[in-house]
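Asks: okay, predicted coordinates and the sequence, questions at the end:
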Amino acid sequence: MADKNQVKGKTSRPSAYFEEPRDVVADAALSPHQKDAILKTLEQDARQMSDASSEGMGGGERNKLHDVLTAADTLSLQPVANAYETVLVDLRSRQGHEGDAVQLRLLKQALAALEALVRTSARTSEAARDVVPVAAQNLA
């Protein structure tokens with residue numbers, strides 16, 4: 001019964017249970033449907049916080065809208081693809097920042113290593129294989 005009550009608490013008050021949106025995705029006690037519902041609640045909260053902040057009523061908290069949307073996107077991926085997508089999202093976010101040539105070269109090397117891993121991994125899902133070429137086009 002305690003587990004049922006805890007799941008109910010997580011779905012009704014997710015911010016009290018989850019510090020980061022990615023923690024929702026990692027919670028094995030929740031079904032995919034429950035995770036989706038929780039992330040929708042967190043998204044609504046983040047959007048309201050963003051609106052309040054833009055009107056000068058922010059409390060100084062970090063807005064997690066991007067993190068919530070990223071976590072929601074990972075729910076639709078195959079399990080093996082989750083790890084690859086997380087790395088690719090990180091690489092994409094880093095490439096948008098101004099950096100020196102060494103940093104850009106390192107990002108391209110990391111992407112090349114990830115592509116090689118995808119090609120050689122016998123257990124990699126087709127979804128992950130489809131994600132890597134798109135990321136390579138973004139870096140080119």
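Replies: Sure, I can see it. Numbering: from 1, shown residues only.
Asks: got a list of contacts for stretch 27-43?
Replies: Under the criterion Cβ atoms under 8 Å, 6 or more residues apart in numbering, residues 3, 6-7, 10-11, 14-15, 18, 21, 24-25, 64-65, 68-69, 71-72, 75 lie in contact with stretch 27-43. Any C-beta I mention is one placed from the backbone N, CA and C, and that applies to glycine too.
Asks: quick one: mean pLDDT for that stretch?
Replies: Across stretch 27-43, the average pLDDT comes to 92.
Asks: what about the helices in this structure?
Replies: Applying DSSP state H to the chain gives helices spanning 2-12, 14-17, 21-26, 32-54, 65-75, 79-95, 101-120, 126-139.
Asks: for these, which has the smallest mean pLDDT value?
Replies: Among these, helix 126-139 carries the lowest mean pLDDT (a mean of 49).
Asks: how's this protein carved up into domains?
Replies: Domain segmentation of the chain under automatic domain parsing yields 1-76, 77-140.
Asks: Ala71 is in contact with Phe18, isn't it?
Replies: No: contact between Ala71 and Phe18 fails when scored by Cβ atoms under 8 Å: they sit 9.6 Å apart.
Asks: the more surrounded of these two?
Replies: With neighbours defined as other Cβ atoms under 10 Å, Ala71 and Phe18 compare such that Ala71 has more, 24 against 19.
Asks: for the more buried one, what are its contacts?
Replies: Applying Cβ under 8 Å, 6+ apart to Ala71 gives the contacts Pro21, Arg22, Val24, Val25, Leu39.
Asks: please report the distance of the third one from Asp100.
Replies: So that's Val24. Using Cβ to Cβ, to the nearest Å, Val24 is found at 36 Å from Asp100.
Asks: neighbour-wise, which of the two wins?
Replies: Val24 (25 against 8).
Asks: can you work out which residues contact both of Ala71 and Phe18?
Replies: Val24.
Asks: count of residues packed around Gln6?
Replies: By other Cβ under 10 Å, the residues close to Gln6 number 12.
Asks: now it, nearest residue through space, not along the chain?
Replies: Once flanking residues are discounted, Gln6 sits nearest to Ala29: 7.4 Å by Cβ to Cβ, 6 or more residues apart in numbering.
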